[in-house]
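Undergrad: turn this into a structure:
(2 chains)
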Amino acid sequence: MKKNNLLKVFLLSGLVFVGASSCTNLEERALDGTIQSGSAGTVDTHAFLTTAYNGLRSFQDQGNMYALSEMSTDAMVGPTRGGDWDDNGAWRQIHAHTWNAVHVHVRDTWNILLSNVYNCNQVIYNNGSASDVLQARFLRAFYYFHVIDFFGQVPHREQGSDLNADAEVWSRADATNFVISELEAIVNSLPARTTGDASIANQDAAHFLLAKLYLNKAVYTAANPAGPYTFAPADMTKVVQNVDAISSSLAPSYWDNFKPANNTSPEILFSSKNTRSGSGGGIQSRWRMCQHYNQTPGGWNGFSTLSEYYDRFAANDARKNYTDASVVTNFGNPAGFQVGQQFAPGGVTPLADRNGNPLSFTREVTLITTGNAIETAGIRAEKYIPDAGDLNAPENDLALFRYSDALLMKAEAITRGGTGSGAAAIMTSIAARAGVTAAPTTLDGIYAERGRELWWEGWRRNDMIRFGKYLEARQLKPSVSDAKVVLLPIPSAALLNPKLKQNDGY
Amino acid sequence: MKNSLLKGLMVFLTMLCTSLTYSQDVSGTVSDASGPLPGASVLVKGTTKGAQTDFDGKFTIKNVGSNAVLVFSYIGLKSQEVNVAGRSNINVTLKEDSKELKEVIVVGYGSVKKKDATGAVDQINSKKFDNVAATSPAEILRGKVAGVQITSSSGEPGASTAIRIRGNTSLRSGNGPLIVVDGVPLDGGDSSAGGADSGLGTSSAKSPLNFINQNDIESMSVLKDASSTAIYGSRGANGVIMITTKKSKSKEPQLNLSTSVGISTYSSKFDIMSKEQYLAAGGTNKGGSYNWKDALLQTGVTRNYDLSYSTGTDNSNTRISFGANTTEGIVKNTGMDKYTLSISNSTDFFGGVVKVEPKILYSAIKDKTTLLSDKAGYIGNAVATALYWNPTLPIYKTDGSYNTIAGDDYLNPVQLINSYTDYTNTSKLLASINTTVKLNSHLKYQFLLAFENSNSTRKSQLLPSMHIKDVAQATYDGTVYFGQADISNLNKFNKTFEHTLSYNKEFNPNVVLDLVAGFSYYDYNFDSNSMTGKGFNPNQTNLIDDIQGSVGWKAGGWGPYTRRNETELQSYFGRATANLYKKFVVNATLRRDGSSKLGANNKYENFYSVGAAYKIIEAKEGLVNDVKVRGSYGLTGNQEFAPNSALAYANYTSPSGLGNQVSSNPDLKWETTLSKGIGADFTLLNNRLTGSVDYFIKDTKNLIFAKAAESTQVAPAALKYVNLPGTLQSKGFEVALGYKIIDSEDISWDVNANASFLSNKLVDFPLFVPVAEVNGQGLSGATAEALSNGAAAYSYYMYDFKGYDSNGASIYTDASGNPVGLGNAVPKLLDKQPLPKVNVGFNTSFSYKKFDAGVSFYGGFGNYIYNNTSNALFFKGAFPVRNITADVANSVQDKSDPNSPSTKYLEKGDFLRMGNLTFGYTFTGAILDKAKIKSARLFVNGQNLLLFTKYSGFDPEVNTNKTFNGVPSAGMDYLAYPKAKTISVGLNVNF
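TA: Take a look at the predicted model:
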């Protein structure tokens, strides 16, 4: 009996020991990552800045901000081609202005822009280095600008905001004023633009963005987002002043801005950088999204421009095509717009489509292509010259801000009543480089010239709204759109934040 | 006082008399059909005097009255009463207990007699499946237990299997039950490495239950309601499956050898056009011929070898088994080889005060597969490639090289299968030691220590000679290099510590108390890494073992990836069961669980249940023999969600940025399921009919859900885990019946049938979440199902197809239901969903002398399947470049009509399948005796020989993994591996 008791004591003490040794406070550890919260540790502010810069690569994709900016206009259409490119109607809805609050590109655009605002906030609110904070403030202004432009309302979080609480929301006008004041506060502290690399936040880029904001301020502060807009002369003068503050010049050739080594163009004020066979975004979309499967570089046979838009270019406009012999040797066809029979590299052997029909792009296209032209309908384009060095991971940077755009903004601002001079000279210099006659220095002339100079560069929606053309009926959108479409809907799940209200009409 | 003295005296005198007049010693042997039975209990009726049989089945009881009655009993066997009648030696053979209600069922931290169970519990014992060549542990349960639904993701050997007990209780992934093997709760994740998405779609990990050899399983019990699962607290909401492995039953050495060989063949019908049909439909004649079945399929051979032996001494017994199984799939280059080892021992020390039970389960599995991705886009699946190849186009050119078609997205199926290699080696060790200390006759202490370690490596490669556009290539110095190799590793190391104290006391026959209290700690470690290399020297053929040849190192085609996390769980639990007046059983369970995964403010939660049962009728003769009613109420939880969901988490991403950021949520708490159930168990018709009925309601609240980033902006881009308001409500009714038609010496025939009826609904659900990604060319961003308030979870959500217009364009409906073209169509939330509303199982077994036969059927009804395969491949526009089905070729659809996801591809999923058919013959007698063979059984087994369905795809039992933002799907069929029918012959010998 004694022996038994001893055993019990021994075993029970063992139990207590093992029990105690396995007690834990259940604190979770970050084993394969890092906890990034101002309240619960340190924040790697420089890594967040890098992340915010990398966010610019989202603009290289063919969808989201790019598709909403170009495909919703008279410049681009993403037709459904038999079994290809239906994608749940996403592309057709953009061109037809029939998107809704659960549209995937609307949702993703909202997330891309605002998550990058968050990345910038992490730098700004957590004692990043002075230089990093300046850059982050510029990038945040850039992302906010697009939220203002697309959605109107702008959610924002101030320093110390609890991420589990609903974000505060600015009206479109308040957000515009904030971003302007923010840019004006930092513009002179930002570094000058580095020669050969416009991918870093710089004074020229800040002046450009300020010019954009002042030029569109009438739109962003209008009682009705669809207009009418009243352009204040003081704002227009600000546009002129900001453009004048930019230190840049036009590149000798228009295509210098889109060739693989386009970082050398003096005209690119801000870019999203790519390194050949190295780090970069998806700028290959700029050729693949249109090119047929059987072309070189092989493509996805998707988007087209419309003949109405294409016909606005003069036959000899240098901006239509880049015809350098090396491009024909490597790829068979000139870069730029492609219509008619396409060729294999060398430019001699005609290509056929997958059904065996000649690969000849037609001028006309429909939202759902039919008949023999299922694969071949529509004029295609390569805005950037494919990099033969690596077609998947090319060298071309994405030009986000270009000086010729700034000059046209200045001409427009003067025409809209801003103080300044040289509008006609601007029109002449832009046309001269393209080898065409200058457009008249009128709002219509400037609008037309912007359509040609900046084709497929992501500004068409912004321009069409400001010039009051966005809702108009056009080639593949036979009726006038509902005025609501000048703003995108707030994504439906975002309305879980009760401070956001769905935009009118949705 | 005087009275009681008198009573005492009388009792004393009576005892004295009894012993003086009649006392004697009785000894003997207790055995069952297979030999001496150790551990059987022998009791002198009406007293507490008794003994247990030793390892030879022998017992001795001293001083037994010559007219006493001995009661012999053993778990699972029919008790026998024997009158001593003056004998000193009594040998008894116990027979199998036919009455289900007498069955003892393994439950969490103990066992319970079915007749005393307050919860909905069921158990399948090896007797019921030993005679059947099951191919996996999950297979054993299929169709056998009401309310348990087993769906393989495809027909591939070892394919992942969704086990659902009483339907879904969660909206996320993590609806699988907790699996407990010999008391060790397994973590819920995958053990094998899944395929990385490197441009060709992802592929799923294999079933985590594969590591157990089904021949080592003694029983599987299924705990379905809160009353039985609350003891597992936060892990009990999806039900619990308790697997108990076999142990040595006798001291006499026993050797068992079983072997079988089977042939698997393609069993489906598929309407893809033949060469003649293709040409008649206007196809392009390329002058040769091709048959997709020749390109893709093969006849698979399956071999099984199992060897087990068991032995024992007075204090110790041991069982060891080896298993080897090789299965060839019916798709070329696929199959699974599985090797298992199991060792179990039980040893008594200090005269039975301490019992030590070490156990080892080890498995090594080699899975081989071909390019079968769940989410293939426009390219990248061997099945698709084989189906759509032009049937007039020969695979080889006249010079013997592969025929190809311009445009790299039209692949030669044979070249693809021959150019692709993919295998996974997974080894897993589950080692445990369970120590039981009898502190006194009522109190027992148990310490369970277990380690689970698994290592899995998956290697896959696509040869550089195979060109797939934009995929499997890298450019270096202007030259494009092809080929791709992927290697991924997954390591898990889990620890389990459990201390339990159990107390059992019969205070008097009317009050029996059973108490369990314990502490447990689990530590789950997950560690994985993978690498991808693209672009290889065109002459290199072994890429995976020489991956450093990839030019990706220099050209951006190099992708390393690592992951590691740890989850700790700590719990305190207790259960009290009172058995009152032999009529009324009541139990109460409490478990307090804490997990490192939860938010800092909500680490712990209490789970509980109460259950009660009342035996209205017990052990009566006649038409009504036993009737018991029971009810339960309880709260259980679910913790199957990703670690690090509550933290402000981020990973570094190249170059030097941060990605995968999670918004911290310190308030994240357990998802809880409140369940209520009532049921009845009964035996009727002179103990011939046994059965049970159950009705339950489950309400899952605090739904843990990855909220879309847009709802929390300005915030990180990643999903945010939150507890959503709203309830997932499910209800169900289950009935199980078993009937002994004949039960005589020579003939026995019984039938078992079960059915369950299930429905669920989302109530007060604040979101509308499209789920179930549809994949294929031109289908980016398309989904087929939705989570929506007021609808069943995963209700289908798509365009409502109404036919074709005169131009051959599809007609759908607008918001008000009017017919419109695609441009104006609006998707509709349909009152159709993917989970069967009714599941049925039916099986019968028959034996006549030495001959036995068995057949089992199972089926599901009331569900719909989304045929993503047809959606992606079969539409007019694909023809004639690609082959399509005759139906579509002959339809009026125009070539330009897009294949938008719609009800065109939604089909009824009703099916009834003959799962198993077995014939066996057992040899005994002189010849066997000479060879020292106790018995030998020869059997023929057929699996999946019959299927009744109208579904047009390969198989209606399908569940392609279409997880989208962490939300699983159901009922999706995308290029799923076809199911084989298998006929095997086997021999089972006992020495």
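Undergrad: surely B:Leu829 and B:Ala791 touch.
TA: Yes. Counting by C-beta atoms under 8 Å, B:Ala791 is a contact partner of B:Leu829 at 6.0 Å. Yep, even glycine has a C-beta here, placed from its N, CA and C like the rest.
Undergrad: which one's more surrounded, these two?
TA: For B:Leu829 and B:Ala791, the more surrounded residue by other C-beta atoms under 10 Å in any protein chain shown is B:Ala791, and the numbers stand at 21 against 15.
Undergrad: which residues touch that one?
TA: Listed by C-beta atoms under 8 Å, 6 or more residues apart in numbering or on different chains, the contact partners of B:Ala791 are B:Lys761, B:Leu762, B:Leu829, B:Asp831, B:Gln833.
Undergrad: buried subset of the residues you listed?
TA: Among the contacts of B:Ala791, those scoring as buried are B:Lys761, B:Leu762, B:Gln833 (criterion: 16 or more other C-beta atoms under 10 Å in any protein chain shown).
Undergrad: one step back: ok, the contacts of B:Ala791 vs A:Gly128, which is closest?
TA: The nearest member of these to A:Gly128, counting by C-beta to C-beta, is B:Leu762 at 43.7 Å.
Undergrad: ramachandran angles for the closest one?
TA: phi -90, psi 130 (degrees, to the nearest 10).
Undergrad: is it true that B:Leu209 touches B:Ile140?
TA: No. With contact defined as C-beta under 8 Å, B:Leu209 and B:Ile140 do not form a contacting pair (10.0 Å).
Undergrad: sorry, back to before: got the buried ones among the contacts of B:Ala791 as CSV, with pLDDT columns?
TA: Output for the buried ones among the contacts of B:Ala791, formatted as CSV (pLDDT from 0 to 100):
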residue, pLDDT
B:Lys761, 94
B:Leu762, 94
B:Gln833, 93
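Undergrad: could you pick out which of those residues are near chain A?
TA: The subset of these within reach of chain A, by C-beta under 8 Å from any C-beta of the partner chain, is empty.
Undergrad: quick check: the residue of the stretch 201-350 of chain B nearest chain A.
TA: B:Phe350 (7.1 Å; C-beta to the nearest C-beta).
Undergrad: and for chain B?
TA: B:Gly877 (3.1 Å).
Undergrad: now the residue lying closest to that residue once chain neighbours are set aside: how far from A:Ala373?
TA: In space, and not counting its chain neighbours, B:Gly877 is closest to A:Gly82: 3.1 Å by C-beta to C-beta, 6 or more residues apart in numbering or on different chains. According to C-beta to C-beta, to the nearest Å, A:Gly82 and A:Ala373 sit 11 Å apart.
Undergrad: got it, and B:Asn256?
TA: B:Asn256 sits 71 Å away from A:Ala373, going by C-beta to C-beta.
Undergrad: got it, and B:Asn824?
TA: In terms of C-beta to C-beta, B:Asn824 sits 23 Å off from A:Ala373.
Undergrad: what are the boundaries of the helices in the stretch 251-400 of chain A?
TA: A:285-288, A:307-310, A:325-331 (DSSP state H, counting those that start in this stretch).
Undergrad: buried residues in the last one?
TA: Neighbour counts using 16+ other C-beta under 10 Å place A:Val327, A:Val328, A:Asn330, A:Phe331 of helix A:325-331 among the buried residues.
Undergrad: relative to chain B, which of these is nearest.
TA: A:Asn330 (10.2 Å).
Undergrad: mind listing what B:Lys286 touches?
TA: So B:Lys286 contacts B:Asn390, B:Thr392, B:Leu393, B:Pro394 (C-beta under 8 Å, 6+ apart).
Undergrad: can we see that at 10 Å?
TA: Neighbouring residues of B:Lys286 by C-beta atoms under 10 Å, 6 or more residues apart in numbering or on different chains: B:Asn390, B:Pro391, B:Thr392, B:Leu393, B:Pro394, B:Asn403, B:Ile405.
Undergrad: which residue, other than its chain neighbours, is closest to residue 94?
TA: Assuming you mean chain A. In this structure, A:Ile94 finds its nearest non-sequential neighbour in A:Met71, 4.5 Å apart by C-beta to C-beta, 6+ apart.
Undergrad: if you could check chain B rather than the one you did, that'd help
TA: Closest to B:Leu94 by C-beta to C-beta, 6+ apart is B:Leu77, at 4.1 Å.
Undergrad: and for that neighbour, the neighbour number?
TA: Based on other C-beta under 10 Å, the number of other residues close to B:Leu77 is 19.
Undergrad: any idea how far B:Gly174 lies from A:Arg29?
TA: For B:Gly174, the distance to A:Arg29 - C-beta to C-beta - is 22 Å.
Undergrad: and these two? Which one has more around it.
TA: B:Gly174 (21 against 14).
Undergrad: contacts only, for the more buried one.
TA: B:168, B:188-189, B:237-238, B:638-642, B:671, B:704, B:966, B:968.
Undergrad: pick out whichever of those sits closest to B:Asn752.
TA: Nearest member of the contacts of B:Gly174 to B:Asn752, counting by C-beta to C-beta, is B:Asn238, at 24.5 Å.
Undergrad: quick check: that closest one is in a strand.
TA: No. B:Asn238: not assigned to a strand; according to DSSP: H, G, I helix; E, B strand; the rest coil it is coil.
Undergrad: run a quick neighbour tally on it.
TA: Counted with other C-beta under 10 Å, B:Asn238 comes out at 27.
Undergrad: now it. Nearest residue, chain neighbours left out?
TA: Per C-beta to C-beta, 6+ apart, closest to B:Asn238 is B:Pro177, 4.8 Å.
Undergrad: cool, and B:Ser321?
TA: Closest to B:Ser321 by C-beta to C-beta, 6+ apart is B:Ser308, at 3.5 Å.
Undergrad: dump the residue contacts of the one you found.
TA: Contacts of B:Ser308 by C-beta under 10 Å, 6+ apart are B:213, B:215-216, B:246, B:248, B:254-258, B:319-323, B:342.
Undergrad: list the contacts of B:Ala784.
TA: Going by C-beta under 10 Å, 6+ apart, the list of residues near B:Ala784 reads B:770-774, B:794, B:796-798, B:827, B:834, B:866-868, B:871, B:901-902, B:905-906, B:962, B:964, B:969, B:971-972.
Undergrad: same deal with A:Lys501?
TA: A:Gln153, A:Val169, A:Ile490, A:Leu495 are the contacts of A:Lys501 under C-beta under 10 Å, 6+ apart.
Undergrad: could you do B:Lys934 as well?
TA: So B:Lys934 contacts B:Ser34, B:Gly35, B:Gln254, B:Leu255, B:Asn256, B:Thr924, B:Leu928, B:Val989, B:Asn990, B:Phe991 (C-beta under 10 Å, 6+ apart).
Undergrad: among the residues you listed, which lie within helices?
TA: Among these, the members found in helices (DSSP state H) are B:Leu928.
Undergrad: please, a PyMOL command that selects the buried ones among the contacts of B:Lys934?
TA: Of the contacts of B:Lys934, the buried ones can be selected in PyMOL as follows, counting by 16+ other C-beta under 10 Å:
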select buried, chain B and resi 35+254+256+928+989+990
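Undergrad: just the contacts of B:Lys934 that are near chain A?
TA: With C-beta under 10 Å from any C-beta of the partner chain as the criterion, these include none near chain A.
Undergrad: show me what the helix or strand encompassing the residue nearest to B:Ser321 pairs with in its sheet, parallel or antiparallel.
TA: Per DSSP states H and E, B:Ser308 falls inside strand B:300-312. As defined by DSSP bridges, the strand partners of strand B:300-312 come to strand B:254-266 (antiparallel), strand B:316-328 (antiparallel).
Undergrad: quick one: the helix or strand where B:Thr347 lies to strand B:300-312, angle?
TA: Assigned by DSSP H and E, B:Thr347 falls within strand B:335-349. Using axes from the mean of the first three to the mean of the last three C-alpha atoms, to 10 degrees, the direction of strand B:335-349 lies 10 degrees away from that of strand B:300-312.
Undergrad: export strand B:335-349 as PDB, just CAs?
TA: What follows is strand B:335-349 as a C-alpha-only set of coordinates in PDB (Å, rounded to 0.1, in the frame of the first residue of the first chain):
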ATOM      1  CA  GLY B 335      -0.800   6.400 -60.200                       C
ATOM      2  CA  MET B 336       0.000   6.000 -56.600                       C
ATOM      3  CA  ASP B 337       2.300   3.700 -54.800                       C
ATOM      4  CA  LYS B 338       1.800   3.400 -51.000                       C
ATOM      5  CA  TYR B 339       3.900   1.600 -48.400                       C
ATOM      6  CA  THR B 340       2.800   1.500 -44.800                       C
ATOM      7  CA  LEU B 341       4.100   0.200 -41.600                       C
ATOM      8  CA  SER B 342       2.200   0.000 -38.400                       C
ATOM      9  CA  ILE B 343       3.500  -1.100 -35.000                       C
ATOM     10  CA  SER B 344       1.400  -1.200 -31.900                       C
ATOM     11  CA  ASN B 345       2.200  -2.600 -28.500                       C
ATOM     12  CA  SER B 346       0.500  -2.600 -25.100                       C
ATOM     13  CA  THR B 347       2.300  -3.600 -22.000                       C
ATOM     14  CA  ASP B 348       1.300  -3.700 -18.300                       C
ATOM     15  CA  PHE B 349       3.600  -2.800 -15.500                       C
END
